[in-house]
Structure formats: structure tokens, C-alpha cells
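>>> turn this into a structure:
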Amino acid sequence: MYDITHKRISTLSHHTHQLWVACGRPVSGPVYLSRCRARAEYRRALKCKRRIADSRISNDLHEHLLSKDSMSFWKTWKRKQQ
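Now for the predicted structure:
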């Protein structure tokens with residue numbers, strides 16, 4: 001489930017990491033800072049995506065409970081536990 005934004009962030013993070021390795025893995029300087037920023041942005045995007053997915057499943061569980069649809073509730077519950 002990758003969207004265009006996530007793909008762009010992932011690609012940028014990958015390229016900056018490759019550049020960092022190609023430059024000898026510096027521990028300071030513009031290449032290092034670029035890698036750190038791209039990595040942090042990638043991690044933020046992953047956390048945001050997980051939060052949205054968890055929220056969606058929680059909302060689905062809530063809706064199934066309100067509608068008293070026990071089969072759908074337990075299917076959603078099992079999907080969440082995986």
C-alpha cells in the first residue's frame with residue numbers, strides 16, 4: 001500500500017543513504033546531514049502510515065460493535081492481530 005508520497009520519500013532516503021556510503025560514511029558534514037534528514041522524514045512517514053492504519057481498524061471495530069455484527073467484528077479483530 002504505497003502511495004506516491006511514500007514512494008518519493010523512500011526513494012530519497014535510499015539515494016541519500018547510497019551517497020553517504022559512497023562518500024565513505026562521514027559522521028559530519030552536508031552529506032551526513034542530508035542522510036539524517038531523509039531518514040528522519042522516512043521514519044516519520046512510516047509512523048504516520050501505521051497510525052492511520054491502526055485508526056482505520058479501530059474505527060472498523062467500533063462500527064461493527066455498534067451495528068452488532070459479531071462476525072465482521074471478529075474478522076477485523078483477527079486482521080488487526082496479525
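
>>> okay, now Asn59: neighbour count?
The local packing of Asn59 (other Cβ atoms under 10 Å) involves 11 other residues. Where you see a C-beta, it was placed from the backbone N, CA and C, and this is true even at glycine.

>>> if you could redo that for Tyr32, that was the one I meant.
Neighbours of Tyr32 under the rule other Cβ under 10 Å: 15.

>>> how about Ile9?
When counting by other Cβ under 10 Å, one arrives at 19 neighbours for Ile9.

>>> how close does it sit to Leu46?
9 Å (Cβ to Cβ, to the nearest Å).

>>> for Gly28, phi and psi?
For residue 28 the amino acid is Ser, not Gly. Main-chain torsions, Ser28, degrees, to the nearest 10: phi -160, psi 170.

>>> hang on, His6 packs against Lys49?
Yes: applying Cβ atoms under 8 Å as the test, His6 and Lys49 come out as touching, 6.7 Å apart.

>>> distance of Leu12 from Tyr42?
From Leu12 to Tyr42 the distance is 8 Å (Cβ to Cβ).

>>> now the nearest residue to Lys80 once chain neighbours are set aside: how far from Lys78?
Counting by Cβ to Cβ, 6 or more residues apart in numbering, Ile57 is the residue found nearest to Lys80 once chain neighbours are left out, at 4.8 Å. Going from Ile57 to Lys78 by Cβ to Cβ gives 11 Å.

>>> could you do Lys49 as well?
21 Å.

>>> all good on my end, thank you.
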